[in-house]
Structures are given as structure tokens and as C-alpha cells.
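Novice: have a look at this fold, sequence not included:
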């Protein structure tokens, strides 16, 4: 082989390498096209864009709150998915402005949402760090959102003080034909009482679809034009001279004949005066007090299902309830109202006609045990009874809920959930009798009395001490059997021992309690 042939060999090798590289590149291209062709055969890629957009909407709004991570992940899958998401206005209909959600993102959502209804939320919780530009940020955000008021479906604000709330609402003067839910919550109301003037008429007084209003420490002047025709009304956080009078509350309720939910929470009670001789018919008598200039006309709320009175003032509560007619009420909460016995009188009066109450909650309030027992006798549909931090729960009340005497019917035969949290005076024997009396006939324990110092973990073991005798079932064979208790809450009932809880677990699927002191570490039982 001559020296002249060496360059030719090298050139041949380079030519082969070049051809191999070209073939490899062509192979990679063909493999990529094959992979793409196979991927296009997947059913997900054959879905119409409209159906794919509906899947995205269901995934992002699977819960009540938007999941921003879900939307970001969808857009990162592929260009096609990203394009479909951008062209789906519903995905951009929830706009949040806060310290963690910039106004730039709000602008993007406004543009991409096109003409669909919007859910607006402005959240500057004072518990978080916002810096010193909160008011400027709120005003700037409202200036951005204001042109879209005609598309607002819901609008909620959570702001540190009243001045900021009024500054924001001053920009809500355009009509809101789609607005259904309106919520304003002010945190620092006690420090901002000097800012008491109500804002001008909101939304040009044109909110034909408004159904729910929730105001906390926001002074709207009790404007009936704003709250008329509602289905949900929630008021809270009004103190001293800024709390609504009984007349104001009743006027708002008269303006909402289709009201389904009412909540009065955290407000100073109304002023009262001792009863004196008078011929003024405008006085509403409430036991030992009267409320002057109160309209005594009855307010009919045929669709009211839920009512909550939480530290709303006992005089206001009993006067309002005394003038309401609510034949469909199913859920009632009476919390932090001192003595609720006068309220029970009005409830018993309503039960004479119709009161399908299913849940009753009395928390941190006093009551006459006999009056409550008489009222419970008129509630055959009650399923949940919650007596929280109630010192008046004694053995007599639980015994009244147990086996009835001859000729009487069961009290609350559908009761299956009992909450006695914080009832430190609760009697164990009465509770055990109540549980046993509502067991099914085939598993009902023998009703015997044990020595005071004797405790057994199961009802069947009582036969070791005395001969069993059947539990009396008054009312004859035609009496409807009561429902079995499914849940008992004994949280903060420190007189209940571990052995007692173990006995309850035999007959009740759900028992809630805490670790009694000196019983070891056995956790909270659920």
C-alpha cells in the first residue's frame, strides 16, 4: 500500500461517518414522528376542545375554592392543553387580590375571562404582614376591577378597618345586574368607631339577583334597598351604639319574606327599661323589660331553615324570635345568651303549629331544665342535640330522654347525635341509662342498678351482680322505637373515665372525648 492511498482511506471513513450521522438523524426524526403519531392515537387527544375545557373546569373548581396549582399543572402538560386553558374563560372567572395575589394576575384573568360572570375576592387579612401600602393597594385593585362590575356574580372583601372598606366601596356605584353574593368583613371595628358614616348607595341600587349578604362590622346604614329580597342574611361585629336595633332587624326581615338563613353574631344588646304602667301600645313586653317604639307586627318567614344567634343579646334575640313565625326551621343555634329560658317559651309556642327542628345547639347559656324538657317533647324530628358548656344538664334531663313512662311517647325518637362538651355536672348513670334505652331490642342491656362503687365495662356483665329485668317500654306495642345513638361528644367532661368511654364504644360507633388526667396516654377517641 502506497503513501498516496492513506488520504483516500481517511476520506472514505469520513464519508461513511457522515452518512451514519445523517442516517441517525433521519432515524431520530422518524422515531419522533412515530411517537407523535402513536400519541395522537390516545383517546385524550381525540376529545373535542369543548369537552376538554369542561374537564379542566371540573378539576380546577372541584372544591369551593379555586386550586391554582391544578391550573398551572394543566397548562404545563403540552401546548395544546395550554391553548385550551387560555381559551376557556370559566377557568379565569375567580379573581383574588391580596398580599399573595398581585394585581397583574388580576388583569390577566380579567382579559382571559372575557364575558363570563366573575367571583371577586379582596383579602387583606390584618393577621398577615402587608406593609404600609394597604389602602393604596385596595384602591388600585378596585380601580382595576371597577369596569367589570356588570359581570360580578359574587364580591367579598376582608379588610383591616372601616375606612378602607368605605374607600373601596365608594367605587362600587355602577349597576351589578348579576351580583348574587355580597360580603364585607372588617376586622378592627372597635378601634374604628369614629368612622360611622354609611357609604352612598351601592351599585346604583340595582342588584336584582342579590340573594346573600354577610356584613361584619360594616356600617351600611341598615339600608333596606340593599338587603331586600335576600335568602341569606348574616350580621355580626356591631358594638355599642352601632349595633342594630330590634326595629332595624325586624324591618330587614320583613323585607326578606323568602329568607332561608339568618345569623346575628357578636353585637351589643339593645337598651331596655323596667316595666312601668303605660298605655303606649308600641311597647313590646319581654318578661321584666320593654323595648320602646318596637313594631309588634308578626314577621312571617315560611322558608327560614337555619337561624343562629351567637352573642347577639338576649333581649334582642327573644324580642325578634317572639315576633317571627318560622314553620320550616330545621337548625337553631343559641350561643352566649345568658338565660335562654324566655327564648324557649317562644319556640314552644311555634312548635304548637309547626317546627320541624332537626338540630338544636345551646352553648354557654343558662336554661330551665324543665322548660327545655317540655320543649324537646314537641320536637319529634330532632336528630342532633348540642348542649355545650351547659351547667344545667343534670340526670333529670337525660332520664326524660330515656324510656318513657306508661302511656307516654318517646321524647325526640329520631335523636342520634348528642354533644355534651364541657358539661362537667353530667351524671354517668343517667347517660348510661339514656344510651341503653335507645338500643335495638335484640341488643338492649338489662336495666339493673349497680352498687355506687361498682363499675362494669359492658352492660352484659351486670348479670354478675343482679338478676336482669327487661327495660320498660311504655306506650304499648304500637309505639315507634327510637333511633340508636350514633355519636356522643364528651370533650372536656373530665368526670368520664377511660372505662366509661370503653363501655360507650361498645354501643356507639363514634365517641369523642379527651384524655382524663391520671388515665395514661390513650389519646382522643373518635
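Specialist: Arrived safely, thanks for sending. Keep in mind that this is a model prediction, so the values were computed, not measured.
Novice: break down the stretch 301-450 of the chain into its helices, ranges please.
Specialist: 314-322, 341-351, 369-376, 395-400, 428-437 (DSSP state H, counting those that start in this stretch).
Novice: contacting residues for the residue nearest to residue 429 when sequence neighbours are not counted?
Specialist: The shortest distance from residue 429 to any non-neighbouring residue, by C-beta to C-beta, 6 or more residues apart in numbering, is to residue 395 (7.0 Å). The way it works is simple: take the backbone N, C-alpha and C, and place the C-beta from them, glycine included. Residues in contact with residue 395 (C-beta atoms under 8 Å, 6 or more residues apart in numbering) are 427, 429, 430.
Novice: let's see 10 Å
Specialist: For residue 395, the residues meeting the contact criterion (C-beta atoms under 10 Å, 6 or more residues apart in numbering) are 425, 426, 427, 428, 429, 430, 431, 433, 434.
Novice: of the residues you listed, which is the most crowded?
Specialist: residue 431 (23 neighbours; other C-beta atoms under 10 Å).
Novice: thought that one was touching residue 418?
Specialist: Yes. Between residue 431 and residue 418 there is a contact at 8.7 Å, judged by C-beta atoms under 10 Å.
Novice: list residues touching both of these two?
Specialist: 398, 488, 490.
Novice: closest one of the residues you listed to residue 383?
Specialist: Of all those, residue 383 sits closest to residue 488, with 13.6 Å by C-beta to C-beta.
Novice: return the most buried member of the helices of the stretch 301-450 of the chain.
Specialist: Greatest average neighbour count among the helices of the stretch 301-450 of the chain goes to helix 314-322 (a mean of 24), per mean count of other C-beta atoms under 10 Å.
Novice: that one to helix 341-351, inter-axis angle?
Specialist: Helix 314-322 runs at 10 degrees relative to helix 341-351, counting by axes from the mean of the first three to the mean of the last three C-alpha atoms, to 10 degrees.
Novice: now do helix 314-322: distance to the chain's middle.
Specialist: 24 Å (C-alpha atoms, centre = their mean, to the nearest Å).
Novice: average pLDDT across it?
Specialist: Across helix 314-322, the average pLDDT comes to 91.
Novice: and what of stretch 436-453?
Specialist: On average, the pLDDT along stretch 436-453 is 60.
Novice: cool, stretch 165-177 as well?
Specialist: 88.
Novice: can you pull the buried residues of it?
Specialist: 165, 166, 167, 168, 169, 172, 174, 176 (16 or more other C-beta atoms under 10 Å).
Novice: roughly how far apart are the residue nearest to residue 151 when sequence neighbours are not counted and residue 99?
Specialist: Closest residue to residue 151 apart from its sequence neighbours, by C-beta to C-beta, 6+ apart: residue 118 at 4.9 Å. When distance is defined by C-beta to C-beta, to the nearest Å, residue 118 is 21 Å away from residue 99.
Novice: quick one: which of these two has more around it?
Specialist: Neighbour totals were compared for residue 118 and residue 99, and residue 118 leads with 24 against 14 (other C-beta under 10 Å).
Novice: who does that one bridge with?
Specialist: residue 152 (DSSP bridges).
Novice: quick check: it touching residue 109?
Specialist: Yes. Between residue 118 and residue 109 there is a contact under C-beta under 10 Å: 8.5 Å.
Novice: find residues that contact each of these two.
Specialist: With C-beta under 10 Å, 6+ apart as the test, residue 118 and residue 109 both reach 89, 92, 93, 94, 95.
Novice: surely residue 223 and residue 207 touch.
Specialist: No. With contact defined as C-beta under 10 Å, residue 223 does not reach residue 207; the gap is 11.4 Å.
Novice: related to what we said a few turns ago, of the helices of the stretch 301-450 of the chain, which shows the lowest average pLDDT?
Specialist: Minimum mean pLDDT among those: helix 395-400, a mean of 79.
Novice: so where do the strands sit in the stretch 151-300 of the chain?
Specialist: Taking DSSP state E, counting those that start in this stretch as the test, the strands found in the stretch 151-300 of the chain are 152-159, 181-186, 212-216, 232-238, 261-267, 273-274, 284-286, 289-291, 299-300.
Novice: helices or strands up against the last one?
Specialist: Spelled out, it's strand 299-300. Here strand 299-300 touches helix 246-254, strand 324-325, going by 3 or more C-beta pairs under 10 Å, 6 or more residues apart in numbering; DSSP states H and E.
Novice: change it to 6 Å
Specialist: Applying 3 or more C-beta pairs under 6 Å, 6 or more residues apart in numbering; DSSP states H and E, we find strand 299-300 packed against helix 246-254.
Novice: quick one: distance of the helix it packs on to the chain centre.
Specialist: The answer for helix 246-254 is 24 Å, by C-alpha atoms, centre = their mean.
Novice: average pLDDT across it?
Specialist: 93.
Novice: what sits closest to residue 107 if chain neighbours are left out?
Specialist: residue 144 (6.3 Å).
Novice: distance of that neighbour from residue 263?
Specialist: Taking C-beta to C-beta, one finds residue 144 at 32 Å from residue 263.
Novice: cool, residue 395 as well?
Specialist: From residue 395 over to residue 263 (counting by C-beta to C-beta), the distance is 34 Å.
Novice: likewise residue 361?
Specialist: Taking C-beta to C-beta, one finds residue 361 at 13 Å from residue 263.
Novice: go on, residue 506?
Specialist: 39 Å.
Novice: so which of these two has more stuff around it?
Specialist: residue 263 (17 against 14).
Novice: so who does that one touch?
Specialist: 234, 308 (C-beta atoms under 6 Å, 6 or more residues apart in numbering).
Novice: partners of it in the sheet?
Specialist: Per DSSP bridges, the residues bridged to residue 263 are residue 234, residue 308.
Novice: for it, report the pLDDT, please.
Specialist: At residue 263, pLDDT is 96.
Novice: how much space between it and residue 371?
Specialist: Distance from residue 263 to residue 371, by C-beta to C-beta: 24 Å.
Novice: in terms of secondary structure, what does the helix ranked longest in the chain contact?
Specialist: Ranked by residue count, the top helix of the chain under DSSP state H comes out as helix 5-40. If contacts are counted by 3+ C-beta pairs under 6 Å, 6+ apart, helix 5-40 sits against no helix or strand.
Novice: flag the shaky bits of the chain, pLDDT-wise.
Specialist: Within the chain, the set of residues satisfying pLDDT under 70 comprises 1-4, 39-40, 63-68, 127-132, 189-198, 272-295, 392, 405-407, 442-479, 515-526.
Novice: just to revisit the earlier point, show me the contacts for the residue nearest to residue 151.
Specialist: Contacts of residue 118 (C-beta under 6 Å, 6+ apart): 93, 148, 151, 152.
Novice: what is the burial count for the third one?
Specialist: A count of neighbours around residue 151, defined by other C-beta under 10 Å, yields 20.
Novice: roughly how far does it sit from residue 79?
Specialist: Distance from residue 151 to residue 79, by C-beta to C-beta: 29 Å.
Novice: and what of the last one?
Specialist: Going from residue 152 to residue 79 by C-beta to C-beta gives 33 Å.
Novice: how about residue 502?
Specialist: 61 Å.
Novice: how about residue 328?
Specialist: From residue 328 to residue 79 the distance is 54 Å (C-beta to C-beta).
Novice: nearest to residue 258 among the helices of the stretch 301-450 of the chain would be which one?
Specialist: helix 314-322 (17.8 Å).
Novice: the closest one to strand 261-267, inter-axis angle?
Specialist: Inter-element angle recorded for helix 314-322 and strand 261-267: 170 degrees (by the same axes, to 10 degrees).
Novice: counting contacts, what elements does helix 314-322 pack onto?
Specialist: helix 246-254, strand 284-286, strand 331-339, helix 341-351.
Novice: quick check: buried residues in stretch 114-131?
Specialist: 117, 118, 119, 120, 121, 122, 123, 124.
Novice: show me which residues of the helix or strand following the longest helix of the chain are buried.
Specialist: Note on helix 5-40: by DSSP states H and E, the next helix or strand toward the C-terminus is helix 49-60. Judged by neighbour count using 16+ other C-beta under 10 Å, the buried positions of helix 49-60 are 52, 53, 56, 57, 60.
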